[in-house]
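>>> Following is a predicted model, sequence given first.
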Amino acid sequence: AQKVTQAQTEISVVEKEDVTLDCVYETRDTTYYLFWYKQPPSGELVFLIRRNSFDEQNEISGRYSWNFQKSTSSFNFTITASQVVDSAVYFCALSGGRSEKLVFGKGTKLTVNP
Amino acid sequence: DTEVTQTPKHLVMGMTNKKSLKCEQHMGHRAMYWYKQKAKKPPELMFVYSYEKLSINESVPSRFSPECPNSSLLNLHLHALQPEDSALYLCASSQVSSFGYTFGSGTRLTVV
């Protein structure tokens, strides 16, 4: 069975602080895909990144960076110099092998205060 | 066009009503999905259509009836719903699951 754990339910920071959102996953598949989605109050799920199990390179996109470590089954997400517009619920998700299913973690609600 | 369009955005229906949610994509994606999201919870998979055929039904009650008329359209027919079915219903599409999913903005359903 596949499982995604986001242990942080809510995080509150002050603008310009760096913040890291944790994601730990479980899967028996050797080929799998990890995702991060952002869900603002409007409700739409916004795709942020996809990483496959064979690519452990970290990635940086502007203020966003992702740290994928297979050894610890983690795929953490860091926002540098956070802004109020980053306030949202962030979901880590996993799909494995040929499965059509996308399994979500419970989400982390990030609040960035001015 | 890189969007998944869902209509209506908001829907209030009585427990005896019949209504339908609609989802449309023009990205040529072969798979389409319905997810249900309760407040402060993650999305939960309901149905998957692959090449217009139902491939996954996550033991969803029969008062929810999906339909895929063609490769671009996905409907969710609702009948005799309960107040606990009130939720955000999200549609998504993908070319293959490994490439990621594009989600619509959802329909907020309230059953009264």
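That came through, no problem. For clarity, every value in this text was computed on a predicted model and none was experimentally measured. Numbers count the residues shown, from 1 in each chain, chains lettered A, B, ... in the order given.

>>> ok, now which ones touch A:R63?
A:79-83 (C-beta atoms under 8 Å, 6 or more residues apart in numbering or on different chains). Glycine gets a C-beta too; all of them are placed from N, C-alpha and C.

>>> hmm, I was thinking of A:S82
By C-beta under 8 Å, 6+ apart, the contact list for A:S82 reads A:13, A:15-19, A:63, A:110, A:112.

>>> Taking these together, which two end up most distant?
For the contacts of A:S82, the maximum inter-member distance is 14.1 Å, found between A:K16 and A:L110 (C-beta to C-beta).

>>> These two - which one has more neighbours?
Legend: neighbour count by other C-beta atoms under 10 Å in any protein chain shown for A:K16 and A:L110, higher for A:L110 (21 against 11).

>>> what's the helix or strand for that one?
Using DSSP states H and E, A:L110 falls within strand A:108-113.

>>> give me the number of residues near B:M13?
Applying other C-beta under 10 Å, we find 17 residues neighbouring B:M13.

>>> thought it was touching B:H77?
No. Using C-beta atoms under 8 Å, B:M13 is not in contact with B:H77; the gap is 11.9 Å.

>>> roughly how far apart are the spatially most central residue of chain B and A:T27?
Central residue of chain B (C-alpha atoms, centre = their mean): B:W34, 3.2 Å from the mean position. For B:W34, the distance to A:T27 equals 23 Å [C-beta to C-beta, to the nearest Å].

>>> cool, and B:V60?
B:V60 is 24 Å from A:T27, by C-beta to C-beta.

>>> Who has more neighbours out of these two?
Shown here are B:V60 and A:T27; by other C-beta under 10 Å, A:T27 has more neighbours (21 against 17).

>>> any idea how far the more buried one is from A:F35?
The spacing between A:T27 and A:F35, counted by C-beta to C-beta, is 13 Å.

>>> likewise B:K19?
For B:K19, the distance to A:F35 - C-beta to C-beta - is 31 Å.

>>> Likewise for B:K40?
Taking C-beta to C-beta, one finds B:K40 at 20 Å from A:F35.

>>> near chain A, which residues of chain B show up?
Contact residues, chain B versus chain A (C-beta under 8 Å from any C-beta of the partner chain): B:31, B:33, B:41-43, B:45, B:48, B:50, B:55-56, B:88, B:90, B:92, B:97-106, B:108.

>>> Sort out which of the residues you listed are buried, if you could.
Among the residues of chain B next to chain A, the ones that count as buried by 16 or more other C-beta atoms under 10 Å in any protein chain shown are B:31, B:33, B:42-43, B:45, B:48, B:50, B:56, B:88, B:90, B:92, B:97-98, B:100-106, B:108.

>>> Give the pairing partners of the helix or strand of chain A with the lowest mean pLDDT; include direction for each.
Within chain A, no helix or strand scores below strand A:59-61, which has a mean of 85 by mean pLDDT, DSSP states H and E. When pairing is defined by DSSP bridges, strand A:59-61 lines up against strand A:64-69 (antiparallel).
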